[in-house]
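A.B. asks: Curious how this folds, go ahead:
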Amino acid sequence: MKRPSFVVAPSDYPRCLNVVGERITVLASGAATGGYEIFLQEGPEGSGPPPHQHPWDESFYVTRGEVAFGIDGEERVAKAGTLVHLPGGTAHWFRFGKEGGQMISMTSREAASALFEHIDREISPAAPDFPRLVAIAGEHDTQLAV
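C.D. replies: Here you go, the predicted model:
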């Protein structure tokens, strides 16, 4: 069965998910593409996930600002125009730099959108319940470093 083609203009974006202070828009879900997922991620200075790992590959293309990435214990700063690729199983984190930032991310399979939607539903950005966040991550094959 052939999946339909689609175009997602800014006026068609779905509701932005709030993932502990980071705004994530699902531009293409795995259900729509048949596999990979694409996201628009934006956040204020200092926002981003704790160190974690998951089995899917993930790539980030920084479109605005600077983003610090921790990759297997080493920190690198990615400026606008930089691509960062992380194979599945790579321990990583990131933090948006001064004045926040924006990036497009892509995963190699359907998984991250369900994780982001679950966190958006259950975790308050103002007062995150870290033990519950760890449990939700685990339900989606993601291990947070605690």
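A.B. asks: Going by C-alpha atoms from here, please, whenever you check contacts or count neighbours.
C.D. replies: Will do.
A.B. asks: Which secondary structure element is home to Ser113?
C.D. replies: Element membership for Ser113, per DSSP states H and E: helix 112-122.
A.B. asks: Give the rounded mean pLDDT of that helix.
C.D. replies: For helix 112-122, mean pLDDT is 97.
A.B. asks: Adjust the sequence numbering to begin at 31 for everything that follows.
C.D. replies: Done: numbering now begins at 31, and the last item shifts to helix 142-152.
A.B. asks: Using PDB, list the CA coordinates for that helix.
C.D. replies: Listed in PDB are the C-alpha atoms of helix 142-152, where the atom choice follows Å, rounded to 0.1, in the frame of the first residue of the first chain:
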ATOM      1  CA  ALA A 142      10.200   9.800  19.600                       C
ATOM      2  CA  SER A 143       6.900  11.400  18.700                       C
ATOM      3  CA  ALA A 144       5.100   9.000  21.100                       C
ATOM      4  CA  LEU A 145       7.600   9.800  23.900                       C
ATOM      5  CA  PHE A 146       7.200  13.600  23.400                       C
ATOM      6  CA  GLU A 147       3.400  13.300  23.400                       C
ATOM      7  CA  HIS A 148       3.500  11.300  26.500                       C
ATOM      8  CA  ILE A 149       5.700  13.800  28.300                       C
ATOM      9  CA  ASP A 150       3.600  16.700  27.100                       C
ATOM     10  CA  ARG A 151       0.500  15.000  28.600                       C
ATOM     11  CA  GLU A 152       1.900  14.000  32.000                       C
END
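A.B. asks: buried stuff in the helix or strand that that helix is followed by?
C.D. replies: Using DSSP H and E, the helix or strand that follows helix 142-152 in sequence is helix 160-169. For helix 160-169, burial by neighbour count (16 or more other C-alpha atoms under 10 Å) applies to 163-164, 166-167.
A.B. asks: could you check the angle helix 142-152 makes with helix 160-169?
C.D. replies: Note on geometry: by axes from the mean of the first three to the mean of the last three C-alpha atoms, to 10 degrees, helix 160-169 and helix 142-152 are set 150 degrees apart in direction.
A.B. asks: what residues does helix 160-169 touch?
C.D. replies: With contact meaning C-alpha atoms under 8 Å, 6 or more residues apart in numbering, helix 160-169 is reached by 145, 148-149, 153, 173-174.
A.B. asks: Great, nothing more from me.
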